[in-house]
Structure formats: structure tokens, C-alpha cells
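*Asks:* give me the fold of what follows.
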Amino acid sequence: MKILHRLLVIGKSTSKSAIPFGPFNFATQTRWMKPANTAQTRLENRTRDLKLDRLTANRRRLNLILNLHRLVSTRKRGPFVAIQSLSKLAPQAGIKTLPAGAFIRKYPHIFEVFTHPAYHNRCFRFTQKFTALIREEEVMIAQLEQDSVTRIKNLLLMSVNGTLHLHSLRLIRDELGFPENFRESIIRKYNTDFKMVDLELVELAVKECERPSMVAEVEKWREKEYTERWLSEFEVKYLFPINFPTGFRKGAGFKDKLNNWQRMSYIKPYEKTNIVNVRSCGGVERYEKRAVGIIHELLSLTVEKMVRVERLAHFRKDLGIEVNIRELLLNHPGIFYISTKGDSQMVYLREAYDSQGCLIEPNRIYNVRRKLLEVILMGSRNTRGFNLEREVQEKETRIVKGNENKSSKVDGDFVIPILEKC
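*Replies:* This is a model prediction of the structure:
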């Protein structure tokens with residue numbers, strides 16, 4: 001009886017099946033399932049980049065405020081909203097975690113609360129500083145109209161059939177730096193460069209023999225590596241810049257696989273040749289490497305070198321990257337990084353960002369958006385840019401006190417790091 005009791009105790013502690021362990025099934029084999037190796041598990045177990053995750057969280061806060069600004073600015077009564085009715089607009093802008101009143105109090109440099117002169121109720125509007133930055137971004141995008149034309153040409157030259165759906169471009173309009181009405185202000189305006197095949201389909205107006213030859217950004221990087229680092233042409237011809245996050249673990253044989261993949265040839269984004277034969281030797285790997293090159297070039301064309309992962313799926317047929325995009329991005333952590341902060345997944349081009357989460361080569365639109373992000377990160381703090389009058393008065397009082405008592409020490413101005421090291 002003691003032996004049977006011990007067997008039952010051991011069975012209860014080890015077995016998870018509905019049938020308890022006993023003397024009649026002790027010889028039964030237990031099958032252990034292999035751990036799942038899917039895109040979701042690799043996404044959860046990937047090495048995190050805290051700088052890019054923090055940037056994604058801050059960008060999400062900025063997008064919520066910009067959505068609220070679009071809703072408020074289109075109101076017929078004026079660019080202001082009563083605080084009582086803000087609870088109705090907040091869910092439309094995506095604000096669901098905080099009450100509307102707490103959200104306004106959290107950003108006093110963005111929202112200005114006042115009493116309506118006629119109705120005598122509490123309302124809010126956006127500050128002049130914030131609206132001035134938004135207008136500055138719109139003016140900057142209008143000035144860089146030729147850059148938008150070049151980006152559309154590059155995307156059309158990368159496409160399989162030479163056409164693109166406007167719906168796909170509309171989804172990443174902010175990432176590409178296009179104006180809101182880019183269909184009329186760019187595509188129809190430059191009718192010598194673009195031609196509307198359908199209501200939602202655009203192609204190049206010039207003939208195929210007269211189309212310009214574009215050079216991918218990675219090709220420029222390869223030429224720089226070839227001339228400055230004196231690398232051989234065999235090593236540089238199909239090379240991609242690799243920058244793994246801190247703490248990335250490389251398994252056995254990882255370096256050899258990476259070197260073989262870097263030296264493997266592929267059809268480059270702007271090359272128009274026959275379709276890759278997947279059944280040929282290395283056809284699948286070459287097809288995936290071409291997809292990596294296309295996504296790399298697409299991210300290089302964006303303003304901030306990042307885009308939402310789900311919006312890349314709309315370019316699969318037009319650009320010929322009919323693969324599992326998220327799985328492809330996770331297979332190359334040294335080139336791309338997926339951040340899951342917030343309600344969406346953002347993919348970043350790792351080579352474009354430094355160790356502090358800032359663009360290595362910023363552009364003018366990025367600089368304006370960075371100023372908008374600064375206003376978000378200020379929170380409820382009194383800073384140098386928004387309290388100039390108070391600062392002048394404090395300096396005058398300090399000078400007076402210093403003249404009265406020169407022996408007393410006056411502390412210097414405390415400057416808050418706005419971007420927290422970018």
C-alpha cells in the first residue's frame with residue numbers, strides 16, 4: 001500500500017493529464033511538444049532596443065494630439081472645444097487611457113484653457129506655439145515638393161508593373177512627407193511625369209526607354225565602404241549595413257550564415273529582370289534578399305526612416321514582395337527593428353539611428369517634427385522657451401539682489417533636458 005501511495009503522489013506531481021498516474025499506466029510514454037518557433041514567438045523573445053521603444057511611445061502620444069488637432073481645427077464654430085464635449089471627441093482621436101480633463105492638464109504647453117466670452121463655459125484651444133509648428137511643417141512640406149516628386153518616381157520604378165495604388169501612398173503620406181492633397185498638388189500638377197491610369201492607379205508618363213535610372217541608398221553606402229574602408233568588390237557588392245541591438249545573442253554558426261547571406265547575389269530594387277526562379281539554387285534566399293532590399297529602400301525614402309508594419313502589407317503586390325513581411329523583418333534584426341509600444345507595430349531602419357534614438361542624418365521636416373515632440377516631452381514643466389517673460393523678471397531680480405549682496409551665491413539656470421538625450 002505504501003508503494004502504491006508513493007506512485008500516486010509522484011504521478012500527481014509530474015503528470016498534467018486527466019488520468020492520474022498509477023501502477024497501470026506508469027509505462028506510458030509522455031510526448032513533449034517542441035517549442036513553437038513562429039513570428040509571434042520571435043517577436044516576443046527578440047532583443048529590445050529601449051531607445052527606439054521610447055521614441056515609439058513618444059510618437060504615439062504626438063499622433064494622438066495631432067489627431068485631436070485635426071478634429072478641432074475642422075469645427076465650424078471655431079478652433080476651440082468646450083471641455084464638457086471633449087469626452088465625445090477623445091475616443092475619435094484614439095485617447096482612451098486618460099480622462100479628457102486629465103489629458104489637457106498633462107500638456108499645458110499644448111492646450112490653453114479659457115472662458116468663452118458669450119457662453120461663459122470652460123473651453124480649450126491649442127497654443128500659438130503648437131499651431132505655429134504645425135504650420136511650419138505644412139510650409140516645409142510645400143517647399144520640398146520636388147522631393148515628394150522624386151520619392152513617387154522611385155516607388156514607381158521599384159514597382160513590378162510600373163504602377164502604384166494611391167491608397168497605399170495615402171496610408172504612408174505622413175511618413176513620406178507628402179501634403180494632404182498630394183493627388184491634386186503633385187500627381188495631377190506634374191502631368192508630364194505622372195499619368196493616372198485609373199482613379200486609384202498612377203504610373204510614369206514617360207516611356208520605359210526614357211525613364212531615369214535611380215540608385216538605391218544602400219548602393220551609395222556600398223560605394224562609400226568600398227572607397228573609405230578599402231574592402232574588396234566581392235565583399236561589398238551585395239553587402240547590407242548590420243547593426244545589432246545591445247545584448248543580441250549570436251548562436252553557433254550565426255556568423256558564417258550571415259557572411260554567406262551578405263555575399264549572396266540578388267536582383268536589386270531598381271533592376272528590371274526576369275522573375276526569380278524560386279526552385280533554382282538559392283532561389284528562396286535570393287527572393288527574400290530582394291524583398292529586404294526593397295523594404296530597405298522604401299524605409300530610406302521616408303522622412304523618419306520608419307513606418308507601420310501593417311501598412312507595408314499594402315505594397316506587397318505593387319512592389320513584388322509577396323512574403324510574410326513581419327517574419328522577414330524579424331529574420332534580419334541587424335537591419336530592421338520592430339517596436340511594439342502602443343497599439344501598432346513600427347519598423348525602424350537601424351542604420352539610420354544612433355545609439356540615442358536620433359536620426360544620424362536629419363532633414364528639415366524631421367527637425368520640425370522633433371520640435372513638436374519636444375513640446376510633448378515638456379509636459380507640465382516650465383521651460384526656457386515658454387516662460388521668457390517670467391525668466392526675464394527672475395534675472396532682473398537676481399541682478400538686483402546680486403548688487404545688494406554680492407557675497408551671496410546665485411544658482412544658475414536649471415535647464416531641463418527636453419529630449420532626454422534625444
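
*Asks:* domain ranges for the chain, per the record?
*Replies:* For the chain, automatic domain parsing gives the domain ranges 2-32, 217-372.

*Asks:* tell me how far the last one lies from the chain's centre.
*Replies:* If I follow you right, that is domain 217-372. Its chain's average C-alpha position is 14 Å from that of domain 217-372, according to Cα atoms, centre = their mean, to the nearest Å.

*Asks:* could you do stretch 116-129 as well?
*Replies:* 34 Å.

*Asks:* stretch 192-201 now?
*Replies:* Mean-position distance between stretch 192-201 and its chain equals 28 Å (Cα atoms, centre = their mean).

*Asks:* ranking the domains of the chain by mean neighbour count, which comes first?
*Replies:* Stretch with highest mean neighbour count among these: domain 217-372 (a mean of 16; mean count of other Cβ atoms under 10 Å). Every C-beta, even on glycine, is put in place using the N, C-alpha and C of the backbone.

*Asks:* for residue 52, what is the enclosing helix or strand?
*Replies:* helix 50-73 (DSSP states H and E).

*Asks:* quick one: contacts of that helix?
*Replies:* Helix 50-73 is contacted by residues 79-81, 89-90, 92-95, 107, 110, 125-126, 130, 134, 337, 339, 341-344, 346, 348, 353, 355-357, 369, 372-373, 376-377 when judged by Cβ atoms under 8 Å, 6 or more residues apart in numbering.

*Asks:* do stretch 232-244 as well
*Replies:* 47, 218, 221-222, 225-226, 250, 258, 262-266, 289, 292-293, 296, 333-335, 350-351.

*Asks:* now the helices for the stretch 301-422 of the chain?
*Replies:* When assigned using DSSP state H, counting those that start in this stretch, the helices of the stretch 301-422 of the chain occupy the ranges 309-312, 316-319, 325-330, 364-378, 388-404.

*Asks:* ok, of those, where does mean pLDDT dip lowest?
*Replies:* Here these differ in mean pLDDT, and the lowest is helix 388-404 at a mean of 46.

*Asks:* below-threshold pLDDT in this structure: ranges please.
*Replies:* For the chain, applying pLDDT under 70 flags the ranges 1-34, 97-98, 100, 273-282, 382-422.

*Asks:* bridging residues for the residue nearest the centre of it?
*Replies:* What sits nearest the mean C-alpha location of the chain, by Cα atoms, centre = their mean, is residue 306, with 3.5 Å. Beta-bridge partners for residue 306, by DSSP bridges, are residue 348.

*Asks:* residue contacts, it?
*Replies:* With Cβ under 8 Å, 6+ apart, residue 306 has these contacts: 175, 299, 346-349.

*Asks:* one more pass at 10 Å, please.
*Replies:* 52, 55-56, 59, 175, 299, 336-337, 339, 346-349, 352-353, 359 (Cβ atoms under 10 Å, 6 or more residues apart in numbering).

*Asks:* surely residue 161 meets residue 317?
*Replies:* Yes - the pair residue 161 / residue 317 is scored as a contact, 9.2 Å apart, by Cβ atoms under 10 Å.

*Asks:* I'd assumed residue 141 was in contact with residue 363.
*Replies:* No - contact between residue 363 and residue 141 fails when scored by Cβ under 10 Å: they sit 11.3 Å apart.

*Asks:* what touches both of these two?
*Replies:* Counting by Cβ under 10 Å, 6+ apart, the residues touching both residue 363 and residue 141 are 147, 177, 303.

*Asks:* mind listing the helices for the stretch 101-250 of the chain?
*Replies:* Under DSSP H, counting those that start in this stretch, the stretch 101-250 of the chain gives helices at 128-143, 145-158, 166-171, 173-176, 182, 217-228, 233-236.

*Asks:* continuing past the last one, what's the next helix or strand?
*Replies:* Next in sequence after helix 233-236, counting helices and strands by DSSP H and E, comes helix 254-263.

*Asks:* alpha carbons of that following helix, as PDB, please.
*Replies:* Backbone C-alpha positions of helix 254-263 (Å, rounded to 0.1, in the frame of the first residue of the first chain) are rendered in PDB as follows:
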ATOM      1  CA  PHE A 254      25.400  32.600 -36.900                       C
ATOM      2  CA  LYS A 255      28.400  34.500 -38.200                       C
ATOM      3  CA  ASP A 256      29.000  32.100 -41.100                       C
ATOM      4  CA  LYS A 257      25.400  32.200 -42.100                       C
ATOM      5  CA  LEU A 258      25.400  36.000 -42.000                       C
ATOM      6  CA  ASN A 259      28.600  36.200 -44.200                       C
ATOM      7  CA  ASN A 260      27.100  33.800 -46.700                       C
ATOM      8  CA  TRP A 261      23.900  35.800 -46.900                       C
ATOM      9  CA  GLN A 262      25.800  39.100 -47.300                       C
ATOM     10  CA  ARG A 263      27.800  37.700 -50.200                       C
END
